[in-house]
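**Q** here's my sequence, what's the structure:
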Amino acid sequence: MALQDDALTGPVTFTAQVRDEEGVTLVCLQGELDLSNASALHELLVAPELLTAPEVRIDLTQVVFIDSTTIGLLVAACKKERSAGGIFSLRCSEGPVLRVLEVSGLIDFFKVEVVG
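**A** Residues are numbered from 1 along each chain as shown. The predicted model follows:
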């Protein structure tokens, strides 16, 4: 699944790819995640393929900016997945996104895997 500007209202400053990786639904995000594209990200996070997946991992290694709106969407998606008995985690690299997760105190809540 890839998001494109013409498919949604307003500019999309991120792209998303969803794929199965050894039984894990991997959502690879790239770009900036903020209020301007929160509705597009929300649509992605409530897509049936994610809501029914037993394990969801959000890859933020290619995200260059994340704001509190995005954090709220990720928290909601995580709670939904876990309340349905699923597993939800994040993957990110050293940098501003990891720093936001650390400062917000959500690093352990999300079960963040830090990669190279």
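
**Q** could you list the low-pLDDT ranges of this structure?
**A** 1-12 (pLDDT under 70).

**Q** show me where it has its strands.
**A** Remark: strands assigned in the chain by DSSP state E are 14-21, 24-33, 55-66, 87-93, 112-115.

**Q** residues contacting the closest residue to Ile87 other than its chain neighbours?
**A** In space, and not counting its chain neighbours, Ile87 is closest to Glu55: 4.2 Å by C-beta to C-beta, 6 or more residues apart in numbering. Where C-beta positions appear, they are placed from N, C-alpha and C, glycine not excepted. Residues near Glu55 by C-beta atoms under 8 Å, 6 or more residues apart in numbering: 23-25, 86-89.

**Q** make CSV from those and add neighbour count and distance to Leu44 to it.
**A** Formatted as CSV, the contacts of Glu55 follow (neighbours: other C-beta atoms under 10 Å; distance: C-beta to C-beta, whole Å):
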residue, neighbour count, distance to Leu44
Gly23, 8, 20
Val24, 15, 16
Thr25, 22, 11
Gly86, 17, 16
Ile87, 14, 18
Phe88, 23, 14
Ser89, 16, 17
